[in-house]
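>>> what follows is a predicted structure for the sequence shown.
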Amino acid sequence: MLDNALIMMEHLYKTGVVHIRLRRLINEQSQYEIEYSIDKISDPTNVQQESIKYSLSMTDIDDHRRQLTFCTSDLLTDMPYKTLLLTEQLKLLQIIERIFSTLIKLEISGHPEYQCFEEHYQIHDIHGNAYKFIYFLKSFVLFLKRSY
């Protein structure tokens, strides 16, 4: 379980994108998912590398969060660097949940701009610095400005 959670965590940092879809107006469930990709291992002479795309549903994200939570106690003494990344990813998942919750409230209240609404947030490490998700936070600030 620990290895699976850490591997998934690293791939989310490398290629993660959150897709939020509000669909209550058309009698479908509103949801969000996180999409990420893994580079396919190929022979070294092949310059173009293929990627395999994966998607985590809301249930999968909850399972991943639970795995990360249980991993923190295992990593506290063994791998402090991984512990920091793990803690930051738990915070990131919490921010995503808050954004989704706010969007749901806007959708339910009947806000016209949030009916049949789709939004995408890049959560991967754009600038090579895993501790700062500048783009994601900028997107969040823009979202807050737009909703008021």
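Here it is on my side, so go on. All figures in this text were calculated on a predicted structure; none of them were measured in a lab.
>>> now the strands for the chain?
Using DSSP state E, the strands of the chain run over 17-21, 31-39, 51-56, 118-122.
>>> just the helices in the protein please.
With DSSP state H, the ranges of helices along the chain come out as 2-15, 58-78, 80-108, 134-147.
>>> can you give me the angle the third one makes with strand 31-39?
Meaning helix 80-108. Orientation of helix 80-108 against strand 31-39 (axes from the mean of the first three to the mean of the last three CA atoms, to 10 degrees) gives an angle of 140 degrees.
>>> excluding chain neighbours, what is closest to A5?
Spatial nearest neighbour of A5, chain neighbours left out: Q67 (3.8 Å); criterion: CB to CB, 6 or more residues apart in numbering. Every residue, glycine included, has its C-beta placed from N, CA and C.
>>> what about the one you found, how many neighbours?
Taking other CB atoms under 10 Å as the criterion, the count of residues near Q67 is 17.
>>> surely it touches N4?
Yes - if you go by CB atoms under 8 Å, Q67 and N4 touch, sitting 6.9 Å apart.
>>> CA atoms only for stretch 54-62 - export them in PDB, please.
Taking Å, rounded to 0.1, in the frame of the first residue of the first chain, the C-alpha atoms of stretch 54-62 are listed here in PDB:
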ATOM      1  CA  TYR A  54      -5.100   7.300 -16.000                       C
ATOM      2  CA  SER A  55      -8.000   8.900 -14.200                       C
ATOM      3  CA  LEU A  56      -8.900   8.900 -10.500                       C
ATOM      4  CA  SER A  57     -12.600   9.200  -9.700                       C
ATOM      5  CA  MET A  58     -13.700  10.800  -6.500                       C
ATOM      6  CA  THR A  59     -13.800   7.400  -4.800                       C
ATOM      7  CA  ASP A  60     -10.300   6.700  -6.000                       C
ATOM      8  CA  ILE A  61      -9.100  10.100  -4.700                       C
ATOM      9  CA  ASP A  62     -10.600   9.300  -1.300                       C
END
